[in-house]
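Give me a 3D structure for the following:
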Amino acid sequence: MEVSVENSEIRLRSIADGLCSAYPLVWLKNNCQCPECASNTSGARKLVIRDLKFHSTPVDYRVSSNNEGDELYVKWDDGHESTYGLQWLSVRKFNGGQQHHLEHQRRVKWTAETFSSILRSFKYDDIIKRDDTLLTWLDSLATYGIAIIKDCGLAENRVKELAERVGFLKRTHYGETFRVEVNTDATNLAYRSSYLQLHTDLPYYEFAPGVILLHCIVQPENAGGESETVDGFYVCELMKDKYPTQYKALSTIPVMWTDRGHDNGYNFHCVHHSPIIREDQQGMIKRIKFSEHQRDSKFPVTLNNVHIWYNAVEKFVKIAYDNQVMSSFKMKPGDILTFDNHRLLHGRKGYEGSRLLIGGYLDWDIVNSRIRVLKSQLSDQISTTS
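Numbering: from 1, shown residues only. Coordinates of the predicted model:
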């Protein structure tokens with residue numbers, strides 16, 4: 001490995017393949033891994049940033065080997081010494097967001113035709129008792145946006161038990177868990193037996209919950225009550241490709257989402273402004289907010305944008321409701337359906353008779369944290385036993 005300093009950067013060039021990686025001096029100094037500068041347990045910086053010497057330069061630098069592998073040694077002009085493992089540096093390459101892009105690539109989009117092949121099924125007891133099954137479920141949820149858990153029984157605390165294997169439930173104004181059943185006193189139209197059109201939950205929350213857990217307790221034996229699901233990311237990507245002007249409208253024109261009413265004696269009035277499609281800084285689709293029930297008639301945009309928006313949303317719903325895109329299936333008592341509320345549009349066919357689901361929410365921050373912890377723990381177990 002060849003080491004050089006150019007343009008306020010330390011550059012590492014592999015002799016074997018000629019590949020070069022550059023690391024800014026100020027970043028290296030700010031991320032010194034010595035016990036004085038960083039926590040041994042968490043890696044968090046201990047150095048107060050006001051004391052950082054932003055323009056330090058190296059007076060000595062080299063790559064050396066020890067029992068733990070190759071590392072970069074730097075002695076700075078203030079006398080401080082730092083070492084950085086080359087593997088540690090490798091996973092922190094400045095690659096223009098490539099790693100961020102790879103995280104998005106793991107999302108596999110689907111249609112009605114491929115739905116049966118991507119819908120993974122898991123047994124409740126396996127998730128409760130086995131960390132490897134827990135990880136596989138959460139990975140499937142992150143990849144496909146949906147997974148189903150079987151043999152959960154009919155006890156109404158199953159959603160909470162499942163959530164506690166991940167972290168904890170996200171409480172909303174509907175409670176920590178909620179009952180989806182006919183309730184004519186409730187203001188939410190989900191508490192009716194009529195057709196429930198495609199939507200995402202709680203678009204009027206700035207930080208809408210990321211994962212929905214729905215435990216089927218009672219389901220009509222006759223026709224009716226079937227769940228309808230659509231991969232919203234597939235719809236958005238198709239629009240981006242075929243109707244870029246309309247896609248831009250849905251990703252830039254803000255909509256007023258609102259929910260006003262009461263539930264279990266609690267009164268609420270939520271308001272949030274957001275486009276239907278939310279992108280991240282790299283222009284990738286991050287989440288979808290969509291619910292005709294909760295889209296306010298107040299539309300604080302120009303007249304021209306009203307026409308543009310309706311033209312765009314017409315394309316959006318035409319794709320979403322296409323039989324080749326929307327899948328339909330019926331949950332059975334004892335099933336827990338889990339899906340990505342930032343990605344999937346979901347609805348339900350009308351029904352007659354009794355139907356009861358127990359619902360709850362998880363945040364993706366909690367889910368992703370659990371995935372990382374499980375991967376680390378299971379990897380350590382494999383390396384210890386091998």
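
which residue ranges form the helices in the chain?
Taking DSSP state H as the criterion, the chain contains helices spanning 25-30, 86-90, 98-105, 115-118, 124-129, 131-144, 158-166, 232-242, 244-252, 303-320, 364-385.

Those helices: lowest mean pLDDT?
Among these, helix 98-105 has the lowest mean pLDDT, at a mean of 53.

where does the protein dip in pLDDT?
The model of the chain has pLDDT under 70 over residues 96-105, 187, 383-386.

what's the neighbour count on residue 135?
Residues lying near residue 135 (other C-beta atoms under 10 Å) number 18. Every residue, glycine included, has its C-beta placed from N, CA and C.

for residue 57, that is, sorry about that
Residues within reach of residue 57, counting by other C-beta under 10 Å, total 13.

Quick check: end-to-end length of stretch 295-306?
Stretch 295-306 has an end-to-end distance of 14 Å (criterion: C-alpha to C-alpha, to the nearest Å).

Would you agree residue 259 is in contact with residue 296?
No: Residue 259 sits out of contact with residue 296 when judged by C-beta atoms under 8 Å, with a separation of 9.5 Å.

More neighbours: these two, which one.
Neighbours were counted for residue 259 and for residue 296 using other C-beta under 10 Å; residue 259 has more, 22 against 16.

Contact partners for the more buried one?
Residue 259 makes contacts with 188, 202, 204, 268-270, 294, as judged by C-beta atoms under 8 Å, 6 or more residues apart in numbering.

which of those residues count as buried?
Buried by 16 or more other C-beta atoms under 10 Å: 188, 202, 204, 270, 294, out of the contacts of residue 259.

Which members of the residues you listed occur in strands, if any?
Of the buried ones among the contacts of residue 259, the ones assigned to strands by DSSP state E are residue 270.

For stretch 222-233, what is the distance to the chain centroid?
Between the centre of stretch 222-233 and the centre of its chain there are 21 Å (C-alpha atoms, centre = their mean, to the nearest Å).

Name the residues of it that are buried.
Result for stretch 222-233 [16+ other C-beta under 10 Å]: buried residues 224-233.

measure residue 44 to residue 76 for me?
21 Å (C-beta to C-beta, to the nearest Å).

higher neighbour count, the two?
For residue 44 versus residue 76, the count of surrounding residues by other C-beta under 10 Å is larger for residue 76: 19 against 7.

now the more buried one, nearest residue through space, not along the chain?
Leaving aside its sequence neighbours, residue 76 sits nearest to residue 56 (C-beta to C-beta, 6 or more residues apart in numbering; 4.7 Å).

The one you found: neighbour count?
Residue 56 has 19 neighbours, counted by other C-beta under 10 Å.

cool, and residue 129?
For residue 129, using other C-beta under 10 Å, the count is 11.
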